[in-house]
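Q: Predicted model and sequence below, questions to follow.
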Amino acid sequence: AKPIKAIWSFKRKRRPDGTLQKHKARLCAHGGMQTWGENYWETYSPVVSMMSVRLLLIIAKIYKLDSKAIDFVLAFPQAELDVDIWMYLPIGFQVDGETEGESDRNYLIKLDVSLYGLKQGSHNWYKKLKQGLLDRGFRISDVDPCIYMRKGMAICSYVDDCVIIGNSMDEIDEFVKSMQNGPENFILTDEGSIDKFLGIDIRHLDKNKFELSQPYLVERIVSLLGLEHNEFNAQSNSKTTPVGKPLLNKDLEGKPRKLKWKYRTAVGMLTYLQGNTRPEISMAVHQTARFCNQPMLCHEKAIMRIGRYLLHTKDRGIIYEPDLSKGLECYVDADFAGGWSSADADDADCVMSCTGFIIMYANCPIFWVSKLQTEIALSTAEAEYIALSQSLREVIPLMTLMKELHGAFPIHITKPNFVCTVHEDNQSCIKMANSDKFTPRTKHIALKYHHFKSHVKRKKIVVEYCRTEDQKADLLTKPLADDLFYRQRYMLN
């Protein structure tokens, strides 16, 4: 294979509050010059699901488990290469006091380890970390390949960041030492107790309660939108809810945008925020994300409204206070063709129904979704049934993960009687879920959406009716009035 170029990467590393921590210079490889089948093959490397992270934090709080965070220093170069890769000298590198430009010789470097920038770099690191944990008695979850378990301890990994929970701090410290002093020569730093993970603040309020928040990300969003240091103060420039009526459409004949900030950047930051710590803005962010290709003034105003809502709720997050009387629950809702608009009457997307669901364990939200359905539902019952099926695609693997964790920690729902209660506010949907009968009205969705019925029949999933006012997923499907929005937001915390 041809040699590849070396690239210097210069970066300012910042703390979670945005202040400068240090300047970094990293030597990287130009992976774009690699050739598949010659100097790389596999590139995939998984990362842990935030649902798994939240679940482990809740289990740790319920059972008073000890926890610790570790960070691997320059993770990718800790993994060896399994193919020969040659690289040109980096700019400024000297041999015998001369750079390559000053010398009449040409030099190449043979790489022994995976540099950042190589296509297989993350895959090689994942393999090395996985093998190191398997050699220490851990086994990989069948559901989440970045969750490792053994009796009394569990680890979740996100590239070079790991969270460890265990029955005792002595066992955790012994494991960390074995990683540092083992034959793999892992280089890592002990971050101590978990107070931050992937930009998320983890604040322990008391022995039974903790909060997840991202105040610094909110500040960056508000600053990007220009809502700070302007002629308005925070009190008069804020909004009490993140979304209003009517729902957005393409508005191709509408007015163009006025402001200069990057629409996709704002949507990306809001998406990361809603997916981690702010479920109440999920529906608002979801509908703005649909129009990244050609945003108009109405879409810009929708983003600004979310920013103005965040302006007076900067320090808010999710407060977790586990309730042992509650097990695994899922609240499901759908808004039947709620986005229909005469302005987009010829667009099939405007009659798609919206799915919203939230999965809770011990009365704590661990996963939530707000998204359009991929098929056109023909009735309210059908829209609710499709939403129910979509939610259970997440619930069923989660039940398997909790059974696996039962072997490491004494999860209070015992393995033989593991049940998920699903709360639905549509009686026709509940009847469809509990019935074996295929009617002409439901036959067309039999293959794709009846997958969970065997679990219902075996009583592993119980579908129960709940009143609309008690439906916690309601704010994930439609704009709500102020008083109802506040009530729903409180129910999530």
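A: Received, thanks.
Q: low pLDDT regions in the stretch 51-200 of the chain?
A: Low-confidence segments of the stretch 51-200 of the chain, defined by pLDDT under 70, are absent.
Q: what about the strands in it?
A: 66-72, 86-88, 94-95, 98-99, 108-110, 139-140, 147-150, 153-158, 161-166, 188-192, 196-197, 200-206 (DSSP state E, counting those that start in this stretch).
Q: Pairing partners for the last one, with directions?
A: To tie it back to what came earlier, the one meant is strand 200-206. strand 196-197 (antiparallel), strand 209-213 (antiparallel) (DSSP bridges).
Q: next one: it to chain centre, how far?
A: 18 Å (CA atoms, centre = their mean, to the nearest Å).
Q: swap in the third one?
A: Put simply, strand 94-95 sits 45 Å off its chain's centre (CA atoms, centre = their mean).
Q: how about the helices in the stretch 101-250 of the chain?
A: 121-134, 169-181, 215-224 (DSSP state H, counting those that start in this stretch).
Q: ok, now the stretch 301-450 of the chain?
A: Going by DSSP H, counting those that start in this stretch, the stretch 301-450 of the chain shows helices at 380-406, 427-434, 446-449.
Q: distance between the first one and the chain's centre?
A: This points to helix 380-406. 17 Å.
Q: In it, which of the residues would be classed as buried?
A: 380-392, 394-399, 401-406 (16 or more other CB atoms under 10 Å). For every residue, glycine as well, the C-beta is placed using N, CA and C.
Q: got a list of what residue 146 touches?
A: 46-49, 52, 156-158 (CB atoms under 8 Å, 6 or more residues apart in numbering).
Q: weakest of the helices of the stretch 301-450 of the chain in terms of mean pLDDT?
A: Lowest mean pLDDT of the helices of the stretch 301-450 of the chain: helix 446-449, a mean of 54.
Q: Quick one: distance of whichever helix or strand comes after it to the chain centre.
A: Later in the chain than helix 446-449, the nearest helix or strand by DSSP states H and E is helix 453-457. Averaging C-alpha positions (CA atoms, centre = their mean) puts helix 453-457 28 Å from its chain's average.
Q: Nearest to residue 85, out of the helices of the stretch 301-450 of the chain?
A: Proximity to residue 85 (CB to CB) singles out helix 380-406 among the helices of the stretch 301-450 of the chain, at 37.2 Å.
Q: So what angle separates the directions of that closest one and strand 153-158?
A: 120 degrees (axes from the mean of the first three to the mean of the last three CA atoms, to 10 degrees).
Q: thinking again about what came up before, select, out of the strands of the stretch 51-200 of the chain, the one closest to residue 273.
A: So among these, strand 200-206 is nearest, using CB to CB, at 9.9 Å.
Q: still on that earlier bit, now tabulate the helices of the stretch 301-450 of the chain in a markdown table and tack on distance to residue 89.
A: Converted to a markdown table, the helices of the stretch 301-450 of the chain look like this (distance: least, CB to CB, whole Å):
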| stretch | distance to residue 89 |
| --- | --- |
| helix 380-406 | 48 |
| helix 427-434 | 65 |
| helix 446-449 | 56 |
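Q: With residue 240 as the reference, name the closest of those.
A: Relative to residue 240, the nearest member of these by CB to CB is helix 380-406, separated by 27.3 Å.
Q: Neighbours of residue 113, how many?
A: 14 (other CB atoms under 10 Å).
Q: Figure out which of the helices of the stretch 301-450 of the chain is closest to residue 113.
A: If you check each of the helices of the stretch 301-450 of the chain against residue 113 by CB to CB, helix 380-406 wins as the nearest, at 33.1 Å.
Q: Surely residue 172 and residue 153 touch.
A: Yes - taking contacts as CB atoms under 8 Å, residue 172 lies within contact range of residue 153: 7.1 Å.
Q: which neighbours do these two share?
A: Joint contacts of residue 172 and residue 153 (CB under 8 Å, 6+ apart) are 164, 166.
Q: what pLDDT does the spatially closest residue to residue 288 that is not a sequence neighbour get?
A: Once flanking residues are discounted, residue 288 sits nearest to residue 302: 5.0 Å by CB to CB, 6 or more residues apart in numbering. Per-residue pLDDT puts residue 302 at 93.
Q: dump the residue contacts of residue 302.
A: Counted by CB under 8 Å, 6+ apart, residue 302 has contacts 243, 248, 284, 287-288.
Q: need the helices of the stretch 101-250 of the chain in CSV with mean neighbour count and distance to residue 84, can you?
A: Shown next, in CSV, are the helices of the stretch 101-250 of the chain (neighbours: other CB atoms under 10 Å; distance: least, CB to CB, whole Å):
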stretch, mean neighbour count, distance to residue 84
helix 121-134, 19, 14
helix 169-181, 15, 29
helix 215-224, 18, 42
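Q: Quick check: which of the ones you listed is nearest to residue 258?
A: Nearest to residue 258, of all the helices of the stretch 101-250 of the chain, is helix 215-224, at 15.4 Å by CB to CB.
Q: What is that closest one packed up against?
A: helix 263-276, helix 297-311 (3 or more CB pairs under 8 Å, 6 or more residues apart in numbering; DSSP states H and E).
Q: What residues sit buried inside the shortest one?
A: Neighbour-count burial for helix 263-276, with 16+ other CB under 10 Å as criterion, is recorded at 263, 266-267, 269-274, 276.
Q: which element follows it toward the C-terminus?
A: Per DSSP H and E, the first helix or strand lying C-terminal to helix 263-276 is helix 282-289.
Q: Send me that next one as PDB with only the CA atoms.
A: Extracted C-alpha coordinates of helix 282-289, given in PDB (Å, rounded to 0.1, in the frame of the first residue of the first chain):
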ATOM      1  CA  SER A 282     -37.600  16.300  22.800                       C
ATOM      2  CA  MET A 283     -40.800  16.900  20.800                       C
ATOM      3  CA  ALA A 284     -39.800  20.500  20.000                       C
ATOM      4  CA  VAL A 285     -36.300  19.500  18.900                       C
ATOM      5  CA  HIS A 286     -37.500  16.600  16.900                       C
ATOM      6  CA  GLN A 287     -39.800  18.800  14.700                       C
ATOM      7  CA  THR A 288     -37.100  21.400  14.100                       C
ATOM      8  CA  ALA A 289     -34.600  18.700  13.100                       C
END
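Q: where are the low-confidence patches of the stretch 251-400 of the chain?
A: Looking at the stretch 251-400 of the chain by pLDDT under 70, you get 339-349.
Q: Go again with 90.
A: 251-254, 257, 260, 311-317, 322-330, 333-354, 362-363, 372-397, 399-400 (pLDDT under 90).
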